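Student: fold the following and give me the result.
(2 chains)
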Amino acid sequence: MSFLEMNNVCIGYGPSNARTEVLENVNLSVEENEFVAIIGFSGSGKSTLISLLAGLEKPDSGFVRMKGRTIDQPGPDRGVMFQNYSLLPWLSVYQNIELAVKQVFPDMKKGERVEYIQHYIDMVSLTSAEWKKPHELSGGMRQRLSLARTLAMKPEVLLLDEPLSALDALTRSVLQDEIIRIWEEDRRTVVMITNDVDEATIMADRIIPLTPGPKATLAQDFKVELPRPRDRTTLNFNPDFKALRNRVTKFMISVNEEAKLLRTQRNLKCPDIQPISLARVG
Amino acid sequence: MKYKILKALDIAGLKVLDPVVRLAYREEPREQVRKIILFIAIPIITFCAFLVAWAYIAPRHTTKSGEVPTPSVVWDSAKNIWVFHQRENIKEEDFRVEGEEREKRIAEVTALLEKLKPELEKADEQLNKAQEQAKAQTQQAVAPLMAVFEKTKEQFKQAESDRKKELNELAKTIKDGDTAARAEYLKKVDAHIKQSDVETEQLQVIKSRIDVVMNPKHEGLIAARTAKNRVAEQVQFLSKRLENLGDNNQQQKVLAAKQALEEKKEKFSEASGRALYFGAMNIHRAEDRLGRIETSTYAKPWTFPAQIVRSLGCVFLGFVIATIIAVPIGILCGLSPVFMAAMTPLISLFKPVSPIVWLPIVFIIVGGFIDDPEQAPVHPAFLSSAITVALCSLWPTLVNTAFGVAAIDKDHLNVARVLRLGFWNRLFKIVIPSALPLIFAGLRISLGVGWMVLIAAELLSSSEGIGKFVWDMFNNGSSQTFAQMFVVVFVVGIVGLMLDRTMIVFQRLVSFDGAPTAI
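Tutor: Numbering: from 1, shown residues only, chains lettered A, B, ... in the order given. Next comes the predicted model:
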């Protein structure tokens, strides 16, 4: 039995007459301390998948289990890092983390707590921005704060929902390194959602593609057997890395084509209309 | 420093002054001047144009209370209101002042009165002179008209009696049974009456012309009268002060009462038999009197500034009641769709009800709880005005709170779910802070509504305050009180503006995303 597993999970939205099945027969098993990247196109139900793992949503059928126990509600043992940060805008950096820490560790003494929170602020290099409000922070800083808050809960599983997609390329690579560094320091089970093959390849132990929705499901996984620590600069010349990246990319493109073919069959016939030249009219 | 000032102005809602500060620090002078012209000069010019138009139009309409007051008349009556307020304050002080200070004040007031005496005499003299002069002028103007009037009257009288005589003569000639002649006679009498009516009317016309000439606007007379009134008023005020410093002074009255008590006691100690009983009764009465005097206060009439303060207190009480009711109900509505569904018909039904309807109902209900209005800790009229304000102003807060809570970001709720926050923690750490900007936007609207409603409520319930002032001025109906009603318009406007600004400041303090609030 694996640490975190999904078994024949289906979920859909909408009323029965206009129902969209988002996920169908999803099977996933993640080992303890494994770093899994789930890769998929936008709109394929990645966020729904994370919500299911977090317990924010319940599957229509099948079940989600962690350490053999069914997940039926969210909890701090599964730290979620949401796609749009979901920081509380009226609280400062410190207070945002404090809220989580106070709730998860109610017995912690005050002095101890201050130190604990400071430790996480330092970890994501937000020192000296403790009393800023989220709207005064840059995108990267907000993302780091979100990460710090999630880590401070000491979750057994870290669920990252496209944590870096809203960032520019430079900030993104810096944060990738940072997440890896933190993960290596303090190993935990991680499920990361992403739409970037490079990102997945550099960071994960295993890449699982999600076929395009509707009725998305997980495809055959790719093992990433590159040695750690992985260095971004040398990796670009590593043949194994390149081969893997190409395989994953090719696979993604092929499933996308397939999905497109399936979709075009339902396309409506376009009316044959030609635009009139306004020059003559005017 | 510069940015600190700018930030303070921004928070205080005085962004208008922003370009002035920037100009003082020589930042882009051209741009700042443009902004000053746009945001300061143009509004001032508009306001001046408004004043000019007002001053032009107002005197062209005459009412029962005289002409519609011009800006300068309104300004004068505003000053009068203030002078009245200050004088009442001084009188009250005089009433309470003791010992040496009292002596000093008496000396001061007496000296002033002495100084005013010749002035008063002079003013009196001048007024008399002006009156004489006016009378003479009127006489002169009226005399020829009067002569015409008398002459015409005489003429008409003669003509009427002539016609009467003629008709009487004619009546004698009509025989029995001559119906045609009788009909003719009836017509003639009709004509006679009509002629008399016409003549009376003509006389009336002349009379009204005389009336116009009799009541002319003698500039000199008006000036002399106002000058005299001013001095007389001052003299009256000073005499009243002397009274309050003298026999009417609280300390003096206390001393007198004490003395009386001592005398009664002395008499009692010497009395015997039946007189002993009356002596004891007298002592009892004297003690009662002393007690009453010691706790008495100066019977100060309500002045306008005091009424403004009371109105502010009333609107604040009403606003607090509204907030206490609206915010929790709004939060419940926002949290629970069931509760929202339950409340919707009530909210929709009561929201459009006018304060004029609420007030009498509230008045009767509150009256049911308070038996003796004079003994009650809060006057029932004050309380019902406040409750009416609350009833009318709680809706914007309620609706905004419900909306703010219902529209809370789903991600924030997800955070609460992941952290497994309990109900109260979720309420106070996530829901309320998140809805706070909208709650305050609602409170701001509520306060504005409450301030408007209050004046009407006070007017109806005669609770002391701005509304009561307006009502009193309306009932007084003189040209001076008419002008004072115009003063109220500006005072209500300015106070309302300041309340709104205060709420903007609070709204700014709780808004977390730095979003600007509406003007």
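Student: for the rest of this, base every contact and every neighbour count on C-alpha atoms.
Tutor: Will do.
Student: could you give the secondary structure assignment for A:Asp240?
Tutor: helix (DSSP: H, G, I helix; E, B strand; the rest coil).
Student: quick one: pLDDT of the closest residue to it other than its chain neighbours?
Tutor: Distance criterion CA to CA, 6 or more residues apart in numbering or on different chains; nearest residue to A:Asp240, sequence neighbours excluded, is A:Leu226 at 7.5 Å. A:Leu226 carries a pLDDT score of 81 in this model.
Student: the one 3 residues further on too?
Tutor: Among the per-residue scores, A:Pro229 holds a pLDDT of 76.
Student: element containing it, please.
Tutor: Per DSSP states H and E: A:Pro229 is located in neither a helix nor a strand.
Student: that one: neighbouring residues, count only.
Tutor: 11 (other CA atoms under 10 Å in any protein chain shown).
Student: on that earlier part again, A strand includes the residue nearest to A:Asp240, no?
Tutor: No. Applying three-state DSSP, one finds A:Leu226 to be coil, outside a strand.
Student: list phi and psi for it.
Tutor: phi -80, psi 140 (degrees, to the nearest 10).
Student: how much space separates it from chain B?
Tutor: 34 Å (CA to the nearest CA, to the nearest Å).
Student: pull the contacting residues for B:Phe482.
Tutor: B:Ser65, B:Val68, B:Pro69, B:Met473, B:Phe474 (CA atoms under 8 Å, 6 or more residues apart in numbering or on different chains).
Student: does A:Glu261 belong to a helix or a strand, and which?
Tutor: One correction, residue A:261 is Leu, not Glu. Assigned by DSSP H and E, A:Leu261 falls in helix A:239-264.
Student: so what's the residue in chain B that chain A sits nearest to up against?
Tutor: Using CA to the nearest CA, the closest approach of chain B to chain A is made by B:Val418 at 4.6 Å. Going by CA under 8 Å, 6+ apart, B:Val418 touches A:Ala54, A:Leu56, A:Pro74, A:Gly75, A:Pro76, A:Arg78, A:Gly79, A:Val80.
Student: who wins for most neighbours among these?
Tutor: A:Val80 (30 neighbours).
Student: for the stretch 1-150 of chain A, which residues are neighbours of chain B?
Tutor: With the criterion set to CA under 8 Å from any CA of the partner chain, the stretch 1-150 of chain A comes near chain B through A:54, A:56, A:74-76, A:78-80, A:82, A:86-90, A:100, A:103-104, A:133, A:135.
Student: any weak-confidence spans in the stretch 101-250 of chain B?
Tutor: Along the stretch 101-250 of chain B, segments meeting pLDDT under 70 span B:215-217.
Student: which residues of it fall in strands?
Tutor: Counting by DSSP state E, counting those that start in this stretch, one finds no strands in the stretch 101-250 of chain B.
Student: how about the contacts of B:Val418 in a markdown table, adding secondary structure and pLDDT?
Tutor: Listed next are the contacts of B:Val418 as a markdown table, based on DSSP: H, G, I helix; E, B strand; the rest coil; pLDDT from 0 to 100:
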| residue | secondary structure | pLDDT |
| --- | --- | --- |
| A:Ala54 | helix | 88 |
| A:Leu56 | coil | 87 |
| A:Pro74 | coil | 87 |
| A:Gly75 | coil | 85 |
| A:Pro76 | coil | 85 |
| A:Arg78 | strand | 88 |
| A:Gly79 | strand | 87 |
| A:Val80 | strand | 88 |
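Student: and the residue nearest to B:His412 when sequence neighbours are not counted, which of the three is it?
Tutor: Leaving aside its chain neighbours, B:His412 sits nearest to A:Ser86 (6.0 Å; criterion: CA to CA, 6+ apart). Recorded secondary structure, A:Ser86: coil (three-state DSSP).
Student: is it true that A:Ser86 touches B:Ala416?
Tutor: No. The pair A:Ser86 / B:Ala416 is not scored as a contact, 10.6 Å apart, by CA atoms under 8 Å.
Student: quick one: mean pLDDT over the helix or strand hosting B:Phe482.
Tutor: If you go by DSSP H and E, B:Phe482 is part of helix B:479-510. For helix B:479-510, mean pLDDT rounds to 90.
Student: buried residues in that helix?
Tutor: Residues of helix B:479-510 classed as buried by neighbour count (16 or more other CA atoms under 10 Å in any protein chain shown): B:479-488, B:491-492, B:496, B:499-508, B:510.
Student: next one, pLDDT for the residue of chain B closest to chain A please.
Tutor: Reading off the model, B:Val418 has pLDDT 87.
Student: now do the one 4 residues further on
Tutor: Looking at B:Gly422, its pLDDT reads 87.
Student: do the same with the one 5 residues further on
Tutor: The score at B:Leu427 is 91. That number is its pLDDT.
Student: the one 3 residues further on too?
Tutor: We note a pLDDT of 90 for B:Ile430 in this prediction.
Student: for the residue in the stretch 151-282 of chain A that chain B sits nearest to, what are phi and psi?
Tutor: Nearest to chain B, among the residues of the stretch 151-282 of chain A, is A:Met153, at 8.7 Å (CA to the nearest CA). Dihedral angles of A:Met153 (phi, psi; degrees, to the nearest 10) stand at phi -80, psi 0.
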